[in-house]
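Participant: okay, structure incoming, though there's no sequence with it:
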């Protein structure tokens, strides 16, 4: 039985689920109108180079494994492994953070206690188990949650924008945009926001992992890249404006800002009874994003297993579904461990903040490798049939340089301590040492894999 491939609509919805994260709208809105120029700037200096690099590298390289294969074949096996390692390991705190966020949405919908750590754990584990089960069935079934999630997310966006427009027409907007500060000023809020908005645009390169599982090949992928770019900019820009109309920036928080804005906005227009339904749709959109990334990320241990840097077990697929079962189960187990460790001895908010900080830092690191690959490839002779931007190699080099610079700035911004942090140096060192520990584990796995490959069969 041949595994069913993703059609254009499925791939587009999957790409939107991977490339957009609506929870970051509340983070941006908490900074105020000055976040709006940053959304546009990040789109120009990060998403545009990222989309161009994804298109060109996907069309140049035939191997499955996306960013891992691109780095391996261009920069060497060590660089490829470290790129893939960070790309994959970054998903674990990211997954745990989404699960905590979903737990908060569920508790908000049912009126539960937002400080009930046991409830957060129970909800997180239940969702993780359900998503793992769907992914084990293959993309034929695993695609549906991202598809429904994308539809739910756009519905929520239309509700938010509709409420914002209605309040603005009534003269009840919470933010005076005419007298507001539009230019960002340097500080912790701006620094962490730049890291966040860059992170919010991350993900579309993951379409490269599905290169051999998409009907229409590169033609479909190019259309999806363009669609996700326009869609993400609309979602982030319009959503941030609507949030600031509904609530002042000081009333928004990282963890609960989205459900708070939904509840209060609907109450202002006399539709508070719809709040549980709309929050439920938002939860569905987050669940779709989590499911989409969970399925894509499992392809990295599979690719590393093929290269024998991980045990051969991880190079196996289910014959009927095409799902990399051992890689999915490994990922689910480590995500569960991250949930438990993140919660140990910490409040829900502290655990969530640490997971977000670690997720942003480690997730952005692989783009250093990716743009380094793009810079090197731009100097090579064109490949017949491969996509290239107008202007060819010169344009590719310029886009790669801009993308690399924006990535390095984003990484530096994640290390800026909060002005309210009682021990700022300790907070920074905690993140740095955690990232170094991840690097050390990756190097150890690479060394063990290299020794295993050196042993004659």
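Facilitator: Structure received. Only a predicted model underlies this, so the values are computations on that prediction, with no experimental measurement involved.

Participant: count the neighbours of residue 433 for me.
Facilitator: Other residues near residue 433 come to 10 when the count uses other C-beta atoms under 10 Å. For glycine as for every other residue, the C-beta is placed from the backbone atoms N, C-alpha and C.

Participant: and residue 79, by the same measure?
Facilitator: Neighbours of residue 79 using other C-beta under 10 Å come to 16.

Participant: return the residues in contact with it.
Facilitator: 71-72, 369 (C-beta atoms under 8 Å, 6 or more residues apart in numbering).

Participant: looking at the residues you listed, which is nearest residue 99?
Facilitator: Proximity to residue 99 was ranked across these by C-beta to C-beta; first place goes to residue 369, at 27.4 Å.

Participant: and the helix or strand harbouring that closest one, what's buried?
Facilitator: Using DSSP states H and E, the element containing residue 369 is helix 366-377. By 16 or more other C-beta atoms under 10 Å, the buried positions in helix 366-377 come out as 366-375, 377.

Participant: could I get the residues you listed as a markdown table with distance to residue 216?
Facilitator: Shown next, in a markdown table, are the buried residues of helix 366-377 (distance: C-beta to C-beta, whole Å):
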| residue | distance to residue 216 |
| --- | --- |
| 366 | 27 |
| 367 | 27 |
| 368 | 31 |
| 369 | 28 |
| 370 | 24 |
| 371 | 27 |
| 372 | 30 |
| 373 | 25 |
| 374 | 24 |
| 375 | 29 |
| 377 | 23 |
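
Participant: dump these to CSV, plus pLDDT and distance to residue 177.
Facilitator: Shown next, in CSV, are the buried residues of helix 366-377 (pLDDT from 0 to 100; distance: C-beta to C-beta, whole Å):
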residue, pLDDT, distance to residue 177
366, 89, 37
367, 92, 33
368, 94, 36
369, 94, 40
370, 93, 36
371, 96, 35
372, 96, 40
373, 95, 41
374, 95, 37
375, 96, 39
377, 92, 43
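
Participant: quickly check those residues for the two that are furthest apart.
Facilitator: 366 and 377 (16.1 Å).

Participant: show me how far stretch 227-245 is from its chain's centre.
Facilitator: Put simply, stretch 227-245 sits 16 Å off its chain's centre (C-alpha atoms, centre = their mean, to the nearest Å).

Participant: circling back: average pLDDT across the next helix or strand after the helix holding residue 369?
Facilitator: Downstream of helix 366-377, the next assigned helix or strand under DSSP H and E is helix 393-414. Across helix 393-414, pLDDT averages out at 91.

Participant: which residues does helix 393-414 contact?
Facilitator: 42, 45-46, 48-50, 52-53, 56, 191-192, 194-195, 198-199, 357, 360-361, 364-365, 367-368, 370-372, 374-375, 377-380, 382, 388-389, 431.

Participant: in the following helix or strand past that helix, what's buried?
Facilitator: Later in the chain than helix 393-414, the nearest helix or strand by DSSP H and E is helix 424-454. Within helix 424-454, the residues that qualify as buried are 427-428, 431, 434-435, 438-439, 442, 446, 449, counting by 16+ other C-beta under 10 Å.

Participant: swap in stretch 280-297?
Facilitator: 281-297.

Participant: end to end on stretch 178-197, go ahead and measure it.
Facilitator: 23 Å (C-alpha to C-alpha, to the nearest Å).

Participant: give the rounded mean pLDDT of it.
Facilitator: On average, the pLDDT along stretch 178-197 is 73.

Participant: residues contacting residue 33?
Facilitator: Contacts of residue 33 by C-beta under 8 Å, 6+ apart are 175, 177, 180-182, 244.

Participant: and the least confident of the buried residues of helix 424-454?
Facilitator: Among those, residue 427 carries the weakest pLDDT, at 68.

Participant: thinking again about what came up before, pick the one among the contacts of residue 79 closest to residue 124.
Facilitator: residue 369 (30.6 Å).

Participant: re earlier: which of the buried residues of helix 366-377 sits closest to residue 169?
Facilitator: When the buried residues of helix 366-377 are compared against residue 169 (criterion: C-beta to C-beta), the nearest one is residue 367, at 41.3 Å.

Participant: so who does the closest one touch?
Facilitator: 50, 202, 403-404, 407.

Participant: kindly report the same for residue 53.
Facilitator: Each residue near residue 53 by C-beta under 8 Å, 6+ apart is listed here: 205, 370-371, 373-374, 396, 399-400, 403.

Participant: go on, residue 91?
Facilitator: Contacts of residue 91 by C-beta under 8 Å, 6+ apart are 293-294, 297, 331, 363.

Participant: ok, so of those residues, who is nearest residue 36?
Facilitator: Distances from residue 36 to those, taken by C-beta to C-beta, are shortest for residue 363, at 23.3 Å.

Participant: for that closest one, which non-adjacent residue is spatially closest?
Facilitator: Excluding its sequence neighbours, the residue lying closest to residue 363 (C-beta to C-beta, 6 or more residues apart in numbering) is residue 90, at 3.9 Å.

Participant: hang on, the earlier thing: among the buried residues of stretch 280-297, name the ones in helices.
Facilitator: Counting by DSSP state H, the buried residues of stretch 280-297 place 281-297 in helices.

Participant: what would the contacts of residue 33 look like in a markdown table with distance to residue 31, neighbour count and secondary structure?
Facilitator: A markdown table is the format used below for the contacts of residue 33 (distance: C-beta to C-beta, whole Å; neighbours: other C-beta atoms under 10 Å; DSSP: H, G, I helix; E, B strand; the rest coil):
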| residue | distance to residue 31 | neighbour count | secondary structure |
| --- | --- | --- | --- |
| 175 | 12 | 19 | coil |
| 177 | 14 | 14 | coil |
| 180 | 11 | 13 | coil |
| 181 | 10 | 9 | coil |
| 182 | 12 | 12 | coil |
| 244 | 10 | 27 | helix |
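
Participant: just these now: which is nearest residue 416?
Facilitator: Among the contacts of residue 33, and counting by C-beta to C-beta, the member closest to residue 416 is residue 181, at 19.5 Å.

Participant: doesn't residue 248 make contact with residue 175?
Facilitator: Yes - using C-beta atoms under 8 Å, residue 175 makes contact with residue 248 at a distance of 6.2 Å.

Participant: find residues that contact each of the two.
Facilitator: With C-beta under 8 Å, 6+ apart as the test, residue 175 and residue 248 reach no residue in common.

Participant: help me confirm that the residue nearest to residue 363 comes into contact with residue 362.
Facilitator: Yes - Residue 90 lies in contact with residue 362 (C-beta under 8 Å); the separation is 3.6 Å.

Participant: which neighbours do those two share?
Facilitator: Joint contacts of residue 90 and residue 362 (C-beta under 8 Å, 6+ apart) do not exist.
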